[in-house]
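Visitor: dropping the sequence and predicted coords here.
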Amino acid sequence: MTAQTTNTALTLPSPAKLNLFLHINGRRTDGYHELQTVFQFVDYGDTLSFHLRSDGEFTLSPSLPGVADADNLIIKAAKKLQQATECTLGADIKLEKRLPMGGGIGGGSSNAATTLHGLNQLWQLGLSEAQLADIGLSLGADVPVFVRGKAAYAEGVGEKLRPVTLPEPWYVVLRPDCHVSTAEVFCDPALPRNTKKLEKLPEDLWQLNNDCQKLVCDKHPAVEKALQWLLEYAPARMTGTGSCVFAQFDSQIQANACLAAAADTYQGFVAQGINSSPLLKYLNT
Ligand SMILES: C[C@@](CO)(OP(=O)(O)O)[C@H](O)COP(=O)(O)OP(=O)(O)OC[C@H]1O[C@@H](n2ccc(N)nc2=O)[C@H](O)[C@@H]1O
Ligand SMILES: Nc1ncnc2c1ncn2[C@@H]1O[C@H](COP(=O)(O)OP(=O)(O)O)[C@@H](O)[C@H]1O
């Protein structure tokens, strides 16, 4: 991922995340779920470029298929920040989309976080990371971890974050040919919602589960099939509410060999797990 900065333009990375495990511990009265998860970033993602406008307007190019610009988390984040700070500036925003959408790898949330950081810098607002994370949370439960940019043990709805230092292995991430809606998974009566809260993270996160995985696999055979395919190679699991599944490898060579074998059947990518988001590297903080 490359990035560049001038006073009127800025290019920043927008990485994906994986949920190394995901426990659902209960449901709050507002319908949101209490969860425990570990987020790790991968060195693969989208790129966003921001060009300053003085008229307070926003453009996004290209638009995402099936997502009206007004519903795009990039534009929503830009408008939220503009309103919160009463800023009169705007931006032309370019998006290079590489991340599959709706796959549980957080592309939309990551785009929102990169937009908050990018415009904070371009407009010289001087908001703190904590202020940006607060604005981010109003856009989605996953946005704060991308704003903070540190691999984290998360609780609450995903916003109570404790940085963790994890091994940085290689992953193969496969995108089964189906769409899984996060809201639908959380509305399903069959979702297990009472996993006992962990007091302490175990050393080996593969001992833990993704509580959404069985439900999603039962409803979407394509997810089950991709998972079983990966399990022939390495420990594998679903990320978030799916549909993407990932397997862990010690080396890039092993991961590439697995992806090459998958290429006829699945779309996917190889990436390294990283504890610090590439976004942080390019910010003047
Ligand atoms: C559960 C995770 C794990 O990473 O799933 P993925 O989206 O990554 O698959 C995320 O926290 C999702 O975060 P995000 O995708 O930002 O969720 P939001 O837009 O805030 O919420 C989407 C819908 O999911 C449900 N939701 C989300 C988070 C949560 N802790 N409890 C919930 O019940 C709500 O019903 C909400 O309507
Ligand atoms: N910039 C964006 N990138 C991806 N999806 C977006 C974006 N803005 C809005 N969306 C909407 O959010 C949904 C979830 O997107 P995404 O964050 O990629 O998945 P997930 O939450 O499963 O990780 C998409 O299906 C799409 O309708």
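Guide: Looks like it came in fine. Numbers count the residues shown, from 1 in each chain. Ligands and ions are numbered 1, 2, ... in the order given.
Visitor: residues of the protein that sit close to ligand 1?
Guide: Neighbours of ligand 1 within the chain, by Cβ under 6 Å from any ligand atom: 19, 22, 31-33, 35, 37, 104, 106, 109, 140-142, 157-158, 182-183, 186, 240-241. Using the backbone N, CA and C atoms, a C-beta is placed for each residue, glycine as well.
Visitor: also near ligand 2: which of these, exactly?
Guide: Among the residues of the chain next to ligand 1, the residues within reach of ligand 2 (Cβ under 6 Å from any ligand atom) are Gly104, Gly106, Ser109, Thr182, Gly240.
Visitor: give me every residue that touches the fourth one.
Guide: Listed by Cβ atoms under 8 Å, 6 or more residues apart in numbering, the contact set of Thr182 reads Gly102, Gly104, Gly240, Thr241.
Visitor: tell me which helix or strand comes right after the helix or strand bottoming out on mean pLDDT in the chain.
Guide: Every helix and strand of the chain was ranked by mean pLDDT, DSSP states H and E. The lowest is strand 4-5, at a mean of 62. Heading C-terminal from strand 4-5, the first helix or strand you meet, by DSSP states H and E, is strand 9-27.
Visitor: that following strand: which residues count as buried?
Guide: For strand 9-27, the neighbour count (16 or more other Cβ atoms under 10 Å) marks 10-25 as buried.
Visitor: please apply the same query to stretch 269-283.
Guide: Across stretch 269-283, burial judged by 16+ other Cβ under 10 Å covers Phe269, Val270, Ala271, Gln272, Gly273, Ile274, Asn275, Ser277, Pro278, Leu279, Tyr282, Leu283.
Visitor: can you put those in JSON lines and add pLDDT and distance to Ile74?
Guide: Converted to JSON lines, the buried residues of stretch 269-283 look like this (pLDDT from 0 to 100; distance: Cβ to Cβ, whole Å):
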{"residue": "Phe269", "pLDDT": "97", "distance to Ile74": "21"}
{"residue": "Val270", "pLDDT": "98", "distance to Ile74": "26"}
{"residue": "Ala271", "pLDDT": "98", "distance to Ile74": "22"}
{"residue": "Gln272", "pLDDT": "98", "distance to Ile74": "25"}
{"residue": "Gly273", "pLDDT": "98", "distance to Ile74": "25"}
{"residue": "Ile274", "pLDDT": "98", "distance to Ile74": "23"}
{"residue": "Asn275", "pLDDT": "98", "distance to Ile74": "25"}
{"residue": "Ser277", "pLDDT": "97", "distance to Ile74": "17"}
{"residue": "Pro278", "pLDDT": "96", "distance to Ile74": "18"}
{"residue": "Leu279", "pLDDT": "97", "distance to Ile74": "14"}
{"residue": "Tyr282", "pLDDT": "88", "distance to Ile74": "17"}
{"residue": "Leu283", "pLDDT": "87", "distance to Ile74": "17"}
